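Asker: prediction below, plus the sequence it came from.
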There are 2 protein chains.
Amino acid sequence: MNGVDILGYSAGFITTLTFLPQVIKTYKEKSARDISLNMFLIAAINEVMWIVYGFLKSDMVIVLTNVVVLGMSLTMIFFKLNYSRNMNS
Amino acid sequence: MNGVDILGYSAGFITTLTFLPQVIKTYKEKSARDISLNMFLIAAINEVMWIVYGFLKSDMVIVLTNVVVLGMSLTMIFFKLNYSRNMNS
């Protein structure tokens, strides 16, 4: 594994963590008014596409990365639908 | 180009659009209180890593995809820093 590979794996690992601060913030504050539902709907559909693509390519890195991000996207969709009513929280 | 390739390119194209609904919503509403700054900071750093990786691999699809998403992430960071003071907007 050379430096370029290490960079790629590191970038992929960080990609899986991208939505985590948003999930934690929204869970703590129970407020999602400013969050775009469409963003996380597009993300979730997109991750399903990547998971199918990963399976078809037998690329488990793509599959697993996107399973993690899909889980966080679905969590954000759930939060958005449940916490958006708290207009003044 | 077979069906798997088409799926991959389609998934990549949709990836570039993921942050767009959030950028539009935040621009319109001028409110970013519920947005995680850390999420977009991590995303921006991550996209720079992917851009460098794309250059090192001579993969312009990776480079261009991440340039688009980096632009949207930097826009969201700018919005977050400017609109978070509007606590009641």
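Answerer: Now that the structure is in, tell me what you want to look at.
Asker: make it CA atoms for all contacts and neighbour counts henceforth
Answerer: OK.
Asker: output the set of residues of chain A in proximity to chain B.
Answerer: Taking C-alpha under 8 Å from any C-alpha of the partner chain as the criterion, chain A approaches chain B at residues A:4, A:7-8, A:11, A:14-15, A:18-22, A:25-26, A:31-36, A:38-40, A:42-43, A:46, A:49-50, A:53, A:56-57.
Asker: where does chain A have low pLDDT?
Answerer: The model of chain A has pLDDT under 70 over residues A:85-89.
Asker: which other helices and strands contact the lengthiest helix in it?
Answerer: As assigned by DSSP state H, the longest helix anywhere in chain A is helix A:60-83. Applying 3 or more C-alpha pairs under 8 Å, 6 or more residues apart in numbering or on different chains; DSSP states H and E, one finds that helix A:60-83 makes contact with helix A:3-17, helix A:20-29, helix A:37-56.
Asker: pick the most buried one from those.
Answerer: Ranked by mean neighbour count, the helices and strands packed on helix A:60-83 are led by helix A:37-56 with a mean of 20 (mean count of other C-alpha atoms under 10 Å in any protein chain shown).
Asker: residues contacting that helix, please?
Answerer: A:60-64, A:66-67, A:69-70, A:73-74, A:76-77, A:80, B:4, B:7-8, B:11, B:14-15, B:18-22 (C-alpha atoms under 8 Å, 6 or more residues apart in numbering or on different chains).
Asker: tilt between it and helix A:60-83?
Answerer: Here the directions of helix A:37-56 and helix A:60-83 differ by 160 degrees (axes from the mean of the first three to the mean of the last three C-alpha atoms, to 10 degrees).
Asker: just the C-alphas of stretch A:24-34, formatted as PDB.
Answerer: Taking C-alpha atoms only, stretch A:24-34 is exported to PDB below (Å, rounded to 0.1, in the frame of the first residue of the first chain):
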ATOM      1  CA  ILE A  24     -24.900  14.600  17.300                       C
ATOM      2  CA  LYS A  25     -25.800  18.300  17.200                       C
ATOM      3  CA  THR A  26     -29.400  17.600  16.100                       C
ATOM      4  CA  TYR A  27     -29.800  14.800  18.600                       C
ATOM      5  CA  LYS A  28     -28.600  17.100  21.400                       C
ATOM      6  CA  GLU A  29     -30.600  20.200  20.400                       C
ATOM      7  CA  LYS A  30     -33.800  18.400  19.200                       C
ATOM      8  CA  SER A  31     -34.100  21.100  16.600                       C
ATOM      9  CA  ALA A  32     -33.900  20.600  12.800                       C
ATOM     10  CA  ARG A  33     -35.700  23.500  11.400                       C
ATOM     11  CA  ASP A  34     -32.800  24.800   9.400                       C
END
